[in-house]
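**Student:** Here is a sequence with its predicted model. Questions after.
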Amino acid sequence: MPSLIDIRRRVRSVKNTQQITKAMKMVSAAKLRRAQERALAARPYAKMLQQMLANVAEAASQSGDGETHPLLAVRPEKKILLVVITADGGLAGGFNANLIKLAHRFANDHKSDELTFEAIGRKGRDYFRRRSFRIVGEHIDVFRNVKFETAEKIVQTIIDRYAKAEIDAVYLFVNEFKTVMSSTIAQTRLLPVEVPKSAAPVDYIFEQKPEEILGSLLPRYLNVQIYRALLESAAAYLAARMTAMDAATRNADEVIDKLTLYMNRVRQASITREIIEVVSGAAALE
């Protein structure tokens, strides 16, 4: 049975840990609001750009040259690039683990293909590096300040490799922000670009040829896709971390209550034993 000093020391340790988890929860909550606003603000623009791309692609296809752009070229998927967006840190529940499992499952299903990884975030990079997967690009500390320029650099590298036929397909793995309490892991094919079908085509008046506009829209469309994925993932990470730290704080309360109850029982048993020893000694003197 541990002594009272040991139990008090453990209670003090749990309380110190609780202060840390509570502070981390407050920091995540303060950052979450800004990240959530940015993620939600990017969605309408991405949706509108997708609709515009569908309309322009429809007009380009009618001219007979709509499928000539390199980013629309469909090849047998033998060389695949996986873009995996994870966080740089942990303490966020299953945020990183669930996404990494999805990407690893995809890799296991394509063992016969040549796989390469574009790792965004330290957790994903370290995981796949330890398992000897080929990492062709890594980006650390992206969530600290998500910029559109970062997405542009990543996309430009991918476009160059795809245009040179160094890769045949690109898949994106990301946590999409859903609510503060939950996020959704998503697997999306980025390249070749699958042009969405327009539900209500718009008859644009083109000053340039539709094929030229389509050629300039496709890279921008990919830039927005990656940028929005970074914003979604940043918001989902902060939400997951805030939820995890809140759960840890509440669990610390339960541990403290149990330890306090156990400590009181130990102290009561010790006092009772001392009383019995005093009474027994007094009885022996009579």
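**Tutor:** Ah, there it is.
**Student:** Report all helices and strands that the one helix or strand Ser233 maps to contacts.
**Tutor:** Ser233 is part of helix 210-285, with elements assigned from DSSP states H and E. Packing contacts for helix 210-285, counted by 3 or more C-beta pairs under 8 Å, 6 or more residues apart in numbering; DSSP states H and E, involve helix 4-62, strand 79-85, helix 95-109, helix 148-163, strand 169-177, strand 183-191. Every residue, glycine included, has its C-beta placed from N, CA and C.
**Student:** With mean pLDDT and distance to Arg267 as added columns, please give these in CSV.
**Tutor:** Listed next are the helices and strands packed on helix 210-285 as CSV, based on pLDDT from 0 to 100; distance: least, C-beta to C-beta, whole Å:
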stretch, mean pLDDT, distance to Arg267
helix 4-62, 88, 6
strand 79-85, 95, 52
helix 95-109, 94, 42
helix 148-163, 92, 58
strand 169-177, 94, 48
strand 183-191, 91, 46
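**Student:** Please identify which of these is closest to Glu211.
**Tutor:** Taking C-beta to C-beta, helix 4-62 is the member of the helices and strands packed on helix 210-285 nearest to Glu211, at 5.0 Å.
**Student:** How far away from the center of its chain is that closest one?
**Tutor:** 9 Å (C-alpha atoms, centre = their mean, to the nearest Å).
**Student:** That one to helix 210-285, inter-axis angle?
**Tutor:** Relative orientation of helix 4-62 and helix 210-285, computed by axes from the mean of the first three to the mean of the last three C-alpha atoms, to 10 degrees: 170 degrees.
**Student:** re earlier: now the helices and strands packed on helix 210-285 in a markdown table, with mean neighbour count?
**Tutor:** Output for these, formatted as a markdown table (neighbours: other C-beta atoms under 10 Å):
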| stretch | mean neighbour count |
| --- | --- |
| helix 4-62 | 16 |
| strand 79-85 | 24 |
| helix 95-109 | 17 |
| helix 148-163 | 17 |
| strand 169-177 | 23 |
| strand 183-191 | 18 |
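**Student:** Of the ones you listed, which is nearest Gly121?
**Tutor:** strand 79-85 (6.0 Å).
**Student:** who's in contact with that closest one?
**Tutor:** By C-beta atoms under 8 Å, 6 or more residues apart in numbering, the list of residues contacting strand 79-85 from outside reads 99-100, 103, 106-107, 110, 113-121, 124, 128, 136, 154, 158, 161, 166-175, 190, 226, 229-230, 233.
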